[in-house]
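S.K.: compute the structure for the input listed below.
(4 chains)
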There are 4 protein chains.
Amino acid sequence: MPPAHPFDDDKLREECGIFGVVGVTDAANFVALGLHALQHRGQEAGGIVSHEAGQGFNSARRFGYVRDNFTSQSLMQTLPGPLAIGHVRYSTAGSKGPTQIRDVQPFFGEFSMGGAAIAHNGNITNADALRRELIERGSIFQSSSDSECIIHLMARSLQRDIPSRMEDALRRVEGAFSVIAMTRTKLIGVRDPLGVRPLVLGKIGDGWVLSSETCALDIIGADYVREIEPGEMVVITAEKGVESVRPFRPQKSRFCIFEHVYFSRPDSIIGGRSVYETRRQIGVELAREAPVEADLVCPVPDSGTPAAIGFAHESGIPYGMGIVRNQYMGRTFIEPTEQIRNMGVRLKLNVNRALIEGKRVVLVDDSVVRGTTSRKIKEMILDAGAAEVHFRIASPPTAWPCFYGVDTPQREKLLAATMSEEEMRDHLQVDSLRFVTLDGLYRAVGEAQGRNPDQPQYCDACFSGEYPVEPADQIEKGFKLKTAAE
Amino acid sequence: MPPAHPFDDDKLREECGIFGVVGVTDAANFVALGLHALQHRGQEAGGIVSHEAGQGFNSARRFGYVRDNFTSQSLMQTLPGPLAIGHVRYSTAGSKGPTQIRDVQPFFGEFSMGGAAIAHNGNITNADALRRELIERGSIFQSSSDSECIIHLMARSLQRDIPSRMEDALRRVEGAFSVIAMTRTKLIGVRDPLGVRPLVLGKIGDGWVLSSETCALDIIGADYVREIEPGEMVVITAEKGVESVRPFRPQKSRFCIFEHVYFSRPDSIIGGRSVYETRRQIGVELAREAPVEADLVCPVPDSGTPAAIGFAHESGIPYGMGIVRNQYMGRTFIEPTEQIRNMGVRLKLNVNRALIEGKRVVLVDDSVVRGTTSRKIKEMILDAGAAEVHFRIASPPTAWPCFYGVDTPQREKLLAATMSEEEMRDHLQVDSLRFVTLDGLYRAVGEAQGRNPDQPQYCDACFSGEYPVEPADQIEKGFKLKTAAE
Amino acid sequence: MPPAHPFDDDKLREECGIFGVVGVTDAANFVALGLHALQHRGQEAGGIVSHEAGQGFNSARRFGYVRDNFTSQSLMQTLPGPLAIGHVRYSTAGSKGPTQIRDVQPFFGEFSMGGAAIAHNGNITNADALRRELIERGSIFQSSSDSECIIHLMARSLQRDIPSRMEDALRRVEGAFSVIAMTRTKLIGVRDPLGVRPLVLGKIGDGWVLSSETCALDIIGADYVREIEPGEMVVITAEKGVESVRPFRPQKSRFCIFEHVYFSRPDSIIGGRSVYETRRQIGVELAREAPVEADLVCPVPDSGTPAAIGFAHESGIPYGMGIVRNQYMGRTFIEPTEQIRNMGVRLKLNVNRALIEGKRVVLVDDSVVRGTTSRKIKEMILDAGAAEVHFRIASPPTAWPCFYGVDTPQREKLLAATMSEEEMRDHLQVDSLRFVTLDGLYRAVGEAQGRNPDQPQYCDACFSGEYPVEPADQIEKGFKLKTAAE
Amino acid sequence: MPPAHPFDDDKLREECGIFGVVGVTDAANFVALGLHALQHRGQEAGGIVSHEAGQGFNSARRFGYVRDNFTSQSLMQTLPGPLAIGHVRYSTAGSKGPTQIRDVQPFFGEFSMGGAAIAHNGNITNADALRRELIERGSIFQSSSDSECIIHLMARSLQRDIPSRMEDALRRVEGAFSVIAMTRTKLIGVRDPLGVRPLVLGKIGDGWVLSSETCALDIIGADYVREIEPGEMVVITAEKGVESVRPFRPQKSRFCIFEHVYFSRPDSIIGGRSVYETRRQIGVELAREAPVEADLVCPVPDSGTPAAIGFAHESGIPYGMGIVRNQYMGRTFIEPTEQIRNMGVRLKLNVNRALIEGKRVVLVDDSVVRGTTSRKIKEMILDAGAAEVHFRIASPPTAWPCFYGVDTPQREKLLAATMSEEEMRDHLQVDSLRFVTLDGLYRAVGEAQGRNPDQPQYCDACFSGEYPVEPADQIEKGFKLKTAAE
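M.R.: The predicted model follows:
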């Protein structure tokens, strides 16, 4: 029986975090720290590849947390050298089956001009078609990962150097991707033309860093330089620094707005904006859009906290910890007892009964996906004697799956795909339920005029159903795009 | 090389949590859940003993978190029966050396009238003398634990039933203790005459529960009945319910005030008071006693949060998450690299730079022990561009070690043992540093008149140096009590 | 499901091997090598205790082979000092349930004059009564082992030094025992008054060695000095060498004759006799007592080999490897598939078909216990086309269980307990079946006149039903001694 | 530090065993048993791939013995279906570095017409050149194994079915190979045109078996049908049975004569001859070619036993077990202590001193490679008091490395590469040393006229230096073929 993940099914989950560094002593140590800081982007497994002149490429791939694997001397000594990249991966639940160690990145390929390793955050929307074509031509796939296409496309390129082969490969690929790669001497970073997934550049001493988020620069004491731009490829060596090329036709950027809502860590800076401040501001918007008479504003821990602080501040209602999280809760259980399986959210959260009792409570959460957790929390709050329960959600209704590197349930499992806001309120049996509007969310990320319906500033497909890149593989499997009528 | 515990040395640590249940199907499952809810009281190891008629006693003792061990069907099936008790244990760092599995409780003894298992929270202050005496008489100790004395004293009692043997044994024992024990049919709970450590009684269906804290009643859906009183022993069977006896001479109670400050979970109720509300109230007292002009109130996560909310509310200064915790930080590393060892607090905390920059920040923490963490946090805050840093501490200066079941450094390692408040401020190089007063703390726990210096209502030895039970073993090893001059 | 032991149930199994050394650098390394050479006496688990001045006693106990545990630097570094003892233990199948690590010897006790560790080979026949008495007086047992009685009896002795306490303890003990013990400075060896189990003394440089068998002296390059005599206790220090005392009333010795037949390694010397030569001589006796016309003499590997060589030599029939052993066969399977469970002896043995086909084959085996393996081997031989199968067994019929430290099935499971030699032949469906006679066996061990029926020279209870020490615990559990009529 | 293999360096080692079955229920269980019987051909790691309609291909690859991995229900349940193949692999010591799990076969490839798995015994002598060519064309290698070339060549074939692709691939490959492969429905077996490595066909019920040796047919109760012929490919389905094709130009066969000497199990039948009987006959030839006056013939366990039996029989000198093997000796140690490292052969063998003392001893061993073990054994025998030591070796001097799937030291490490028989005798300091002649060996395998020097009947390159397939990769790396002068 595979491990059980009690709460995975009620959050959207970023599938990967990536990190790379060049020009430092024992680069893999820095990568381990960076991946630890990016652990929220993927907790199932992680991998690091390093290169040392004379010793070639070395790699280690492990299931479990970075801190449980990549902190020991005996392992890290096997990863010497001044250049290393790494990857953390999310455990995708359900239909796809358990990950095997061969699916854990970075992937490595030996080419005639030398080896290269790549780590990919995102999702290739034409991976199935590419895989069929590559197999037809004699490539042998080792993993079930869409990302492996990139390395096979590189192997078949006629270019004579690896960055050029990577350009060739990525021009064949559709979808959302941020990629960090390495050769024997070069650290390479690329973002897709829409810049859906994040990637930032940092500097540490004489060395350079690429990372999914800025919080991973902080942990190693690196300075934030800038974001890699949508459609940009940077090729970095210790000697020559950063060279920038533009392999793709220019497009208007469409960064993932859900990174602001939930995926990124609150202490990261995205697009020049503090994630924490954006989330707090969503709370402010919510308090304006959907005010309510109440005695207490409580976050649903931990992701609802900044918005709850903003809501409390704007509304003047006192802020308090009405729900307490068990800090020793892990994400998986091996062969759990029936009783454990049935405990669900109680293993993780407990109501602070003394605070809740008799109060009209505003619960602030980041999102509603299936609604199963929201329902259990509501019950716990009412059992503890709350007079009223008002849900305020710091994102619009999640009505469409994401195909750009996020683990989402099938559309029919999304509560908002089949119910209106009012129906959801009835379903959850709460006194009120309100989501921030799409315009309110855009205002919170700094778009004073709200969303531009003709040319949206972000990728908001999970809310709007408007997919900036056609999800070709999914359509082939039967996914129906939004119709004009919807 | 033993595992490294990066931050253990800068907090006082409760050494144990205990839990027992009788009169339910598969009692060990409930114990596992209860211990999971008490995990904050001890993370190194845990054990469960159960009894099933016809199968006798079964036990399992494991290193690591409850959720990683006592959730699997294959293990829990080995612990059948309607009666079970359990224990979680803290990893005591440093001089005492690593724990061995034989030191993990519950301890078990086979007596002529049947077996008994005991789980102990607290510390026996005359354990060394007792151990010498017992060895002289032919007892063979298997562990290095002070708690093992109890089972040997029971083995030598001339009483004909186990509760009476336990009374005999506990009358020889000095110090602080809450004990949960079991025979083939009885669940037994005892608190020492001063009631230093907590122990509560709960009811679940036809069964009964004993637990260190009420938060562990919540997780299994048990109702809180009452506290076991100081000096009380309860003997519980499924058939006859709770019988109460008083084995000790009555004394005025002296509950550990630090349970309110830090040890207990905020969602627990102690002595009829919400721990969360007490901590919030300490923040209110601090804001009154030590106000400051500032732009932002930040908790040091996670224990400083309730007091920070109270301080912000009372002072009117906005509350914000200026420090973000990495949720994937564990407590130990096996054979860590030098770099990991040197990272210290950065592995766990990151500054929310965008929020902090340019602000005058009030940092609210629960306590200062060695001051090492406080110093690193101050540096991180200043590096992030804070204009001023003001520390507000939700407990008085910790100037004396605890000998009643808490892991404290030797006295000379306590910052407050050798420095005045002003010297500590200089040492930490912050703009201001203020601790709540002892009277302020007593007011926050509901003593409107503050501390009664003639007969303190709580054990506050760690602040006052006034030890309600003489620490005999420690004095023999050279510990000096507070003199009249101090 | 516990591990399955495919062939355990058809051999008698020695339950222990013991080894100790004093006066050498890193004594534990020598003990590990000695235990490796004694591994045939116990394969389930092993333990070593060492002592180093200043560091006290250290111990390690592990399941599995010595070579898999006690060969690694990291473990052996934890066992420093010039004095160490060790123990290997057999996995007793079936009714007794799986061994727990707390049952693995050496056992250790801390007394008022210092600690002592003991390792025991044999069985205490009044252990149940002793245990009841000790518990009544307040001792707490940690294991289910009969050997633990010794350490508790020592703890309660009023003697002021450990060897004297050991004398006290062993005078209370009945049964068969060879014991190796250690204090901080002394290595101690004792054999019971009948000398049922072996124990030899060796010398290595300035140090001294005690071992179950001489083959373990060979592996470390120690010289064989002499056997510890029945009823003798030796107390050895590096400084004063060997002191011998006689704690017991003198008795005529009764060494276990099955050590010659099967338990001991063929390269060991027992009582001045080569085990290999004795076994070869049993084959000679068999060829004389039970000749047969045949084309080939085959041993049942590996224990039947010396007797087969003797039989072939005496009879003039060619010797050949008609059965080939798989060298990669271990003793246990974890959770085996049904098919593996049913394979039985085929996993371990294969017939050398080309050699066997059309031949009249004499199969020489060491003993028949339940007869299940004999039956399967016969089938394999016939399937391979043998013309005739003649079994010759190098021991008399095993009709009685051993209670002196050997794992035997209950009496009713022993084929010879319920069948005559002729009935066994019919049961096994072989062309002939003959056992060496008891007198033939005695002649092979050098008693030219055969067995002295009035005062047998060996313990041969498993063949004769004459128990030199009354098995008190077993009788209490219902075991019936041989009656005059039998 | 990698595991230490005490005796690997003084034997030639077969590098692989392969096994496959089609048309039975739970084929993987049969493969596990077959691999267990072939464990002597490779002990480091093993792998099984199975196919079940509807569930596709499943695989498991593990380090360690078959019995420790592929016997558990929980693993075997993951390998369902009526068709499965497997592989055991030898741990190649030294320069090549430790094997990684990705090097463990069977290898699997997904082609446009479906998947295929292959298991390879042998060595591809032009693998380096093929690998370079394949990488140049865009193949990505996952392992360091020469065998992986086959699957990439298959991937690039333009044929439309897998057997034809395999023919294409194998026609590009030079060297020695026996291959077992599987598609979704077919079991495929191939031997190279010279038939250097063995491969046999068996029948079990309605199913079919392919195996390296016949001993693995015995364990599952399959009947031996015939050998796959040199240059033959068989394609087997449950429905249509065995179809035979001949993809290669016909050549005169050159089976590896060392399979008779050492690699194969004595209970296997090769080329219609019993391996045991051949080895016994080598002993007979040795006794004729190199007689000696002596008192005792001893095998060097275990591989010298059949030849020793033949030598004793032919010479009339008594046969005895002068050297006893420790049955609990494994092949590897993890991080061994210095003392263990220095023990060498004593961990594995002990002299039966009582038998040896004062005797003139003939030691019969299968081969001499580096001579290090022979030297240590000689010392042990003399230390035990032997009067004379005469070595008789059941193979000619091993003077050349094997490049056809056998792990041999570099040429300069082979004792016979640099010394004459007389020099070797001096080096080993024994009373006499004689090897069987090449003609004697050929007679023992049934070639009454001995070796045909113009067209040798076997591959005997390790003795003669005459390589039937040019070792192209090795020559490129600097290996010098035998010159006319040698």
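S.K.: domain map for chain A?
M.R.: In the domain annotation for chain A, the residue ranges read A:13-253, A:278-448 (automatic domain parsing).
S.K.: right, is the first one up against chain C?
M.R.: Spelled out, it's domain A:13-253. No - Domain A:13-253 lies out of reach of chain C by C-beta under 8 Å from any C-beta of the partner chain, never closer than 10.9 Å. To be clear about C-beta, it is placed using only N, CA and C from the backbone, and glycine gets the same treatment.
S.K.: is any residue of that domain near chain D?
M.R.: Yes - contact between domain A:13-253 and chain D, assessed by C-beta under 8 Å from any C-beta, occurs at A:102, A:109-112, A:132, A:135-142, A:151-152, A:155-156.
S.K.: sitting in helices, which of those residues do you find?
M.R.: A:Arg132, A:Ile135, A:Glu136, A:Ile151, A:His152, A:Ala155, A:Arg156 (DSSP state H).
S.K.: hang on, the second one packs against A:Phe141?
M.R.: What it means is A:Ile135. Yes - assessed by C-beta atoms under 8 Å, A:Ile135 is found in contact with A:Phe141 at 6.9 Å.
S.K.: can I get the domains of chain A in JSON lines including distance to chain B and mean pLDDT?
M.R.: Shown next, in JSON lines, are the domains of chain A (distance: least, C-beta to the nearest C-beta, whole Å; pLDDT from 0 to 100):
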{"stretch": "domain A:13-253", "distance to chain B": "4", "mean pLDDT": "93"}
{"stretch": "domain A:278-448", "distance to chain B": "3", "mean pLDDT": "94"}
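S.K.: in CSV: these, plus mean neighbour count.
M.R.: Listed next are the domains of chain A as CSV, based on neighbours: other C-beta atoms under 10 Å in any protein chain shown:
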stretch, mean neighbour count
domain A:13-253, 22
domain A:278-448, 21
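S.K.: between those, which one is nearest to D:Phe311?
M.R.: When these are compared by C-beta to C-beta, domain A:13-253 sits nearest D:Phe311, at 50.0 Å.
S.K.: list the contacts of A:Arg370.
M.R.: The neighbours of A:Arg370, taking C-beta atoms under 8 Å, 6 or more residues apart in numbering or on different chains as the test, are A:Asp9, A:Asp10, A:Pro409, A:Lys413, A:Leu414, A:Leu415.
S.K.: tell me how far it lies from A:Arg13.
M.R.: Distance of A:Arg370 to A:Arg13, computed by C-beta to C-beta, to the nearest Å: 13 Å.
S.K.: got it, and A:His390?
M.R.: Taken as C-beta to C-beta, the span from A:His390 to A:Arg13 is 27 Å.
S.K.: ok, A:Ile236 next?
M.R.: A:Ile236 is 30 Å from A:Arg13, where distance means C-beta to C-beta.
S.K.: list the contacts for A:Ile475?
M.R.: Residues near A:Ile475 by C-beta under 8 Å, 6+ apart: A:Leu481.
S.K.: is it correct that A:Ile228 is in contact with A:Leu187?
M.R.: No - the criterion here is C-beta under 8 Å, and A:Ile228 misses it with A:Leu187 at 11.7 Å.
S.K.: now list whatever residues contact both of these two.
M.R.: With C-beta under 8 Å, 6+ apart as the test, A:Ile228 and A:Leu187 both reach A:Leu210.
S.K.: summarise which helices and strands the longest strand along chain A is packed against.
M.R.: As assigned by DSSP state E, the longest strand anywhere in chain A is strand A:114-124. Judged by 3 or more C-beta pairs under 8 Å, 6 or more residues apart in numbering or on different chains; DSSP states H and E, the packing partners of strand A:114-124 are strand A:16-22, strand A:56-63, strand A:83-89, strand A:107-111, helix A:148-156, helix A:162-172, strand A:175-182.
S.K.: any idea of the angle it forms with strand A:107-111?
M.R.: Angle, strand A:114-124 to strand A:107-111, by axes from the mean of the first three to the mean of the last three C-alpha atoms, to 10 degrees: 140 degrees.
S.K.: check the offset of strand A:114-124 from the chain's centre.
M.R.: The chain centroid and the centroid of strand A:114-124 are separated by 17 Å under C-alpha atoms, centre = their mean, to the nearest Å.
S.K.: quick one, that strand and strand A:175-182 angle?
M.R.: 160 degrees.
S.K.: the residue nearest to A:Val345 when sequence neighbours are not counted: what's it in contact with?
M.R.: Nearest-residue entry for A:Val345: A:Lys376, 4.5 Å, with adjacent residues in sequence omitted and distances by C-beta to C-beta, 6 or more residues apart in numbering or on different chains. Residues near A:Lys376 by C-beta under 8 Å, 6+ apart: A:Gly344, A:Val345, A:Arg346.
S.K.: where do the contact lists of A:Ile135 and A:Phe141 overlap?
M.R.: Shared contacts of A:Ile135 and A:Phe141 (C-beta under 8 Å, 6+ apart): D:Glu110.
S.K.: tell me the spacing between A:Glu470 and chain B.
M.R.: Separation of A:Glu470 from chain B (C-beta to the nearest C-beta, to the nearest Å): 35 Å.
S.K.: from A:Thr125, how far out is that residue?
M.R.: 7 Å.
S.K.: also A:Gly56?
M.R.: 34 Å.
S.K.: ok, now A:Glu167?
M.R.: Distance, A:Glu167 to A:Thr125, by C-beta to C-beta: 19 Å.
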